[in-house]
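**Student:** Structure, please.
(one chain, ligands or ions: 3)
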Amino acid sequence: MPLSAPSGAMRERVRIAIQKSGRLAEPARALLSSCGLSWRESRDRLFCHGDSTPIDLLLVRDDDIPGLLAEGTCDLGIVGRNVLLERASGYGTGEVPPFREWRGLGFGACRLALAVPQAWSDSQAAALDGLRIATSYPALVSQWLKERGIAADVVTLSGSVEIAPRLGTADLICDIVSSGATLAANQLRATDIVLDSEAVLAGPVAPFGDARAEIAGLFLRRLDAVLGLRDSKLLMFQTDSANVPALMALLPDAERPTVMQVDGTDRVALQAVCRGTVTWQRLEDLKRAGADALLVLPVERMLA
Ligand SMILES: Nc1ncnc2c1ncn2[C@@H]1O[C@H](COP(=O)(O)OP(=O)(O)OP(=O)(O)O)[C@@H](O)[C@H]1O
Ligand SMILES: O=P(O)(O)OC[C@H]1O[C@H](OP(=O)(O)OP(=O)(O)O)[C@H](O)[C@@H]1O
Ligand SMILES: [Mg+2]
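**Tutor:** Numbers count the residues shown, from 1 in each chain. Ligands and ions are numbered 1, 2, ... in the order given. Next comes the predicted model:
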């Protein structure tokens, strides 16, 4: 089967591009698996045929995903917001990128941030006119500077950006920051955040005009169910009926709790899906308010 297809071509299967290897590769696969997708495995090749659903995988470099979406070679992609928006910012004024973010996926969190040498004072770091900024994200940085009326020069580097100030090729940098260890190791400190990023599901701006619409719709419904349940837990306990109002006040995030009478007693068993984190502290508060036999269970799937 030829993999290239003009964006207007009719197709009966959906292709999702993910990173072949790197930070987003495993979490992207795990997320797709939790949506019930499976493939004939072929990690060393670039294409995995979908088994359980008509959804195939393209394994590529993350930087290629926006371009593959734009040309219609893939229908959906999982990529960092930083990479997606860098490509989108490269479109000229009046041009609309043919792709957009469909969903934030809650992994691959990082920031695109300006960073200056640690020795700089705050006032030095605030006066960027005429300075050189090294980055792998020239379009996003140029847009950020333009929005603020700052006339700085953008020096594009494809990697090892943090070393540029020491080499003298730039005065400051704008790069991905997560723990901050790389900045610290290079005697830099972050100042402004240009973008808060995470992995996103990207898809076309225009709706699919063929069988892909239904397939993508089914996938999105599953994805939303999985994402919505991410931190959810099923909480179960027993208590005296009189304690229920006080216990419910401790569970503002409990959805439609079920309260069942325990036969022949004034005791009740209560179960509820909690959207927030159920910490030890919360369990101890519930115990003090009269709950016992507390159980916290993971929620795998929920179809409302
Ligand atoms: N230190 C980090 N912590 C968390 N997320 C990060 C970090 N660095 C990058 N990311 C996010 O993960 C994405 C992929 O990063 P990775 O380092 O795997 O990319 P890459 O080296 O460009 O991979 P490829 O070989 O596919 O081009 C980045 O675009 C960003 O969204
Ligand atoms: O704040 P930190 O946790 O230190 O992470 C930030 C670093 O992570 C990424 O680089 P990576 O480790 O992927 O190496 P690369 O330069 O080869 O992309 C990014 O380009 C930063 O250099
Ligand atoms: Mg890359």
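**Student:** Spell out the residue ranges of the strands in the stretch 101-250 of the chain.
**Tutor:** Remark: strands assigned in the stretch 101-250 of the chain by DSSP state E, counting those that start in this stretch are 110-117, 132-135, 153-156, 172-177, 188-197, 199-204, 233-240.
**Student:** what residues does the fourth one touch?
**Tutor:** Spelled out, it's strand 172-177. When contacts are defined by Cβ atoms under 8 Å, 6 or more residues apart in numbering, strand 172-177 is touched by residues 82, 110-117, 125, 128, 131-137, 140-141, 144, 161-162, 164-165, 182-183, 188, 190, 194, 197. All C-beta atoms are positioned from the backbone trio N, CA, C, and that covers glycine.
**Student:** picking that back up, of the strands of the stretch 101-250 of the chain, which approaches residue 51 most closely?
**Tutor:** Taking Cβ to Cβ, strand 199-204 is the member of the strands of the stretch 101-250 of the chain nearest to residue 51, at 20.6 Å.
**Student:** Could I get the average pLDDT for the closest one?
**Tutor:** The pLDDT scores in strand 199-204 average 98.
**Student:** I'd like to know which elements that strand is packed against.
**Tutor:** helix 65-71, strand 76-80, helix 81-89, strand 99-104 (3 or more Cβ pairs under 8 Å, 6 or more residues apart in numbering; DSSP states H and E).
**Student:** Tell me what angle that strand forms with strand 76-80.
**Tutor:** Angle of strand 199-204 versus strand 76-80, following axes from the mean of the first three to the mean of the last three Cα atoms, to 10 degrees, is 140 degrees.
**Student:** Alpha carbons of strand 199-204, in CSV - could you do that?
**Tutor:** What follows is strand 199-204, C-alpha atoms only, in CSV (Å, rounded to 0.1, in the frame of the first residue of the first chain):
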residue,chain,number,x,y,z
ALA,A,199,2.3,15.9,24.4
VAL,A,200,-0.8,16.7,22.4
LEU,A,201,-3.0,14.8,19.9
ALA,A,202,-2.9,16.9,16.7
GLY,A,203,-5.3,16.5,13.8
PRO,A,204,-6.6,18.4,10.8
